[in-house]
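> no letters, just coordinates:
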Ligand SMILES: Nc1ncnc2c1ncn2[C@@H]1O[C@H](COP(=O)(O)OP(=O)(O)OP(=O)(O)O)[C@@H](O)[C@H]1O
Ligand SMILES: [Mg+2]
């Protein structure tokens, strides 16, 4: 239990007093948020609220001007670069699905596997049975088994979203940051995605940004509403959606 | 190298390419040496040297394709690595002249005597030994590329900015090598070579051997590149080419990958330059001219970026055309024709000769209903680079 002494917080992901401005525009303002280990958190908020920027900060793409960002209570993420943060176990799905378009679906997953990422390791890499079994399993989960040899660029928008979620599964990080996973999906696909995230949440911490309220409701987890780079409300979906300020922000004043 | 990564690299096209280069490498010298002069099938010595030059260009093109076609690094300064390898070889050849120079100085090359230098500069030490010079052929371009790449890739200089600084690099070297006091023969460069490893560089036998060696180097270079692009490393390179930042978020250290291929590619370019110099008999600062590097990139674009074979083919085709046109009445217009060729290829054949052929082959196979066409075409997972980039 002496581990607790060195930990600043029990949270898996801990943001406190974070500020970011782009050329004088304050995209993130005194943002504080904590994700407990094993938690799934839904983040909502109007366009430009700073949701994606928050993920940029956590993954090292954007450096905050001030504030604390801790991973696992001990690691200061503001000092690390994207590669290092990914290695620590923070995976990300981008708002605009970003897959390797000129490579096959299964190669996309192969690239995402959390195995040796060194130049040497990849040069002398030879596939193992364990690896291909993992890829098969992910392909099945994301329903792309039949498309495994297709180029990722030829997939539909929804399939790309799933492939990117599959890449997260292959990466098997401790924390998953999922930015708008159901944009461009049909209702059925949206439902399946919610099921999938709930399944993944059984042994991963997840932060998911989404505008689709039915989806957020289906997840049935704690919701944080961001507005102008700061937390406006936090609680269950019913609490948040009945919050006066949230209604005001969404309906426009 | 363990065999699995080598065998994986040899598909049908790659094997055919190697066999053709090997056949050319053996048959041209044999016909030159064994058949009677003037016979229809005898390749004259000047052509052996000319084709030897093309083969060296093909190696340079290969080295560019490895970084540009597969990793998206558009170097417009690769001619510099080629020239540095050439100079390293030239320095060895200069020191082999010994007292046979015009001034008869046993140690100092003629141009140093002419400049009234009384002793050999330190950086010329060791170049009387072939092994040392051969090491420098790899080391000098490799080290420069490593330092350059380390600075550029770590600060995430990419795209056009990287291309511009590579141009600046080769231009800076051009200016430096032009200076007499830099110690590499200034404007005139290094020339009047006598022998290499004890053989007369002008002799038919030596030329034939150099040609064969160039073909061998092309095969080895090709095998190295194929091994890389068909390994998982190759998939990472393509990932970097297509979505660099995404690759970082998967936990790959992109700058290490870039540094590795960039340095390797510079070493290959250096070898190409080293084989080139004894065959053309001279190396001078004009080899550093920024336009040379751009021309080499055009060869790759014409042949097919990201196909390796195409790069080699492009180098030969464009240079053959260059020889053909610049020896005729159209000579003054060659640069315009090269420019026009580049524009035409970009517009009409954005994938280059080999890239276009590959797509045509894939579609025709697919329409013929071959069930494994889809997977066979993509077994190495190498899609063509996006021409819009
Ligand atoms: N690199 C940047 N440079 C300048 N401004 C930026 C940058 N990144 C984000 N912004 C601005 O910061 C604000 C927050 O953007 P962000 O993308 O985080 O919003 P979001 O909550 O993800 O919105 P959406 O729901 O539309 O995705 C926006 O006004 C955006 O224009
Ligand atoms: Mg966003």
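Here it is on my side, so go on. Since the model is a prediction, treat every value here as computed from it, not as a measurement. Numbering: from 1, shown residues only, chains lettered A, B, ... in the order given. Ligands and ions are numbered 1, 2, ... in the order given.
> most centrally placed residue in chain B?
Among the residues of chain B, residue B:60 comes closest to the average C-alpha position under CA atoms, centre = their mean, at 0.9 Å.
> in terms of pLDDT, where does that residue sit?
Per-residue pLDDT puts residue B:60 at 98.
> please name the nearest non-neighbouring residue to it.
residue B:272 (4.4 Å; CB to CB, 6 or more residues apart in numbering or on different chains). In this view, the C-beta of every residue, glycine as well, is placed from N, C-alpha and C.
> likewise residue A:169?
Spatially, and ignoring its direct neighbours in sequence, residue A:169 is nearest to residue A:138 (4.9 Å; CB to CB, 6+ apart).
> same deal with residue B:323?
Closest residue in space to residue B:323, ignoring its immediate chain neighbours: residue B:50 at 6.7 Å, by CB to CB, 6+ apart.
> please apply the same query to residue B:358.
residue B:307 (6.8 Å).
> just to check, the one you found is in contact with residue B:356?
No - in this structure residue B:307 lies outside contact range of residue B:356 using CB atoms under 8 Å: 9.9 Å.
> comparing the two, which residue is more hemmed in?
Taking neighbours as other CB atoms under 10 Å in any protein chain shown, residue B:307 and residue B:356 compare with residue B:307 leading, 28 against 18.
> return the residues in contact with the more buried one.
B:65, B:69, B:352, B:354-355, B:358, B:384 (CB atoms under 8 Å, 6 or more residues apart in numbering or on different chains).
> give me that answer again for 10 Å
Shown in contact with residue B:307 (CB atoms under 10 Å, 6 or more residues apart in numbering or on different chains): B:13, B:65, B:69-70, B:229, B:300, B:313-314, B:351-358, B:382, B:384-385.
> residue A:98 now?
Counted by CB under 10 Å, 6+ apart, residue A:98 has contacts A:92, A:160, A:164, A:167, B:242-243, B:245-247, B:249.
> would you reformat these as JSON lines and include neighbour count?
Formatted as JSON lines, the contacts of residue A:98 follow (neighbours: other CB atoms under 10 Å in any protein chain shown):
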{"residue": "A:92", "neighbour count": "28"}
{"residue": "A:160", "neighbour count": "21"}
{"residue": "A:164", "neighbour count": "26"}
{"residue": "A:167", "neighbour count": "28"}
{"residue": "B:242", "neighbour count": "22"}
{"residue": "B:243", "neighbour count": "19"}
{"residue": "B:245", "neighbour count": "13"}
{"residue": "B:246", "neighbour count": "22"}
{"residue": "B:247", "neighbour count": "26"}
{"residue": "B:249", "neighbour count": "25"}
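> in helices, which of those residues appear?
A:160, A:164, A:167, B:242, B:245-247, B:249 (DSSP state H).
> what is the nearest of these to ligand 1?
Nearest to ligand 1 among the ones in helices among the contacts of residue A:98, counting by CB to the nearest ligand atom, is residue B:245 at 12.4 Å.
> show me what contacts the closest one?
Residue B:245 neighbours (CB under 10 Å, 6+ apart): A:61, A:82, A:94, A:98, B:156, B:254.
> ditto for residue A:216
By CB under 10 Å, 6+ apart, residue A:216 lies in contact with A:42-44, A:182, A:194, A:208-210, A:223, A:237, A:240-241.
> what of residue B:92?
B:126-134, B:136-137, B:190, B:193, B:196-197, B:274, B:277-278.
> how close does it get to residue B:133?
Distance, residue B:92 to residue B:133, by CB to CB, to the nearest Å: 4 Å.
> shared neighbours of the two, anything?
B:126-127, B:274.
> now these: which count as buried?
Among those, those scoring as buried are B:127, B:274 (criterion: 16 or more other CB atoms under 10 Å in any protein chain shown).
> about what we covered before: nearest to ligand 2 among the contacts of residue A:98?
residue A:92 (12.1 Å; CB to the ion).
> quick one: what helix or strand has the residue most central in space within chain A in it?
In chain A, the residue lying closest to the centroid (CA atoms, centre = their mean) is residue A:177, at 1.1 Å. Element membership for residue A:177, per DSSP states H and E: strand A:175-179.
> whichever helix or strand comes after that strand and chain B in contact?
Using DSSP H and E, the helix or strand that follows strand A:175-179 towards the C-terminus is helix A:187-201. No - applying CB under 10 Å from any CB of the partner chain, one finds helix A:187-201 separated from chain B by no less than 17.4 Å.
> tilt between helix A:187-201 and strand A:175-179?
For helix A:187-201 against strand A:175-179, the angle by axes from the mean of the first three to the mean of the last three CA atoms, to 10 degrees is 160 degrees.
> ok, and what's touching helix A:187-201?
A:38-40, A:42, A:141-143, A:156, A:158-159, A:161-162, A:165-166, A:168-169, A:172, A:176, A:178, A:181-186, A:204, A:206, A:208, A:210, A:212, A:214-221.
> for residue B:239, list the residues it contacts.
With contacts taken as CB under 10 Å, 6+ apart, residue B:239 has the following neighbours: A:99-100, A:102-103, A:107-108, A:111-112, B:71, B:246-248, B:250, B:252, B:254, B:257.
> could you redo the last one with a cut-off of 7 Å?
A:100, A:111, B:247 (CB atoms under 7 Å, 6 or more residues apart in numbering or on different chains).
> where in chain B is the helix or strand with the lowest mean pLDDT?
Least confident helix or strand, chain B: helix B:373-377 with a mean of 40, by mean pLDDT, DSSP states H and E.
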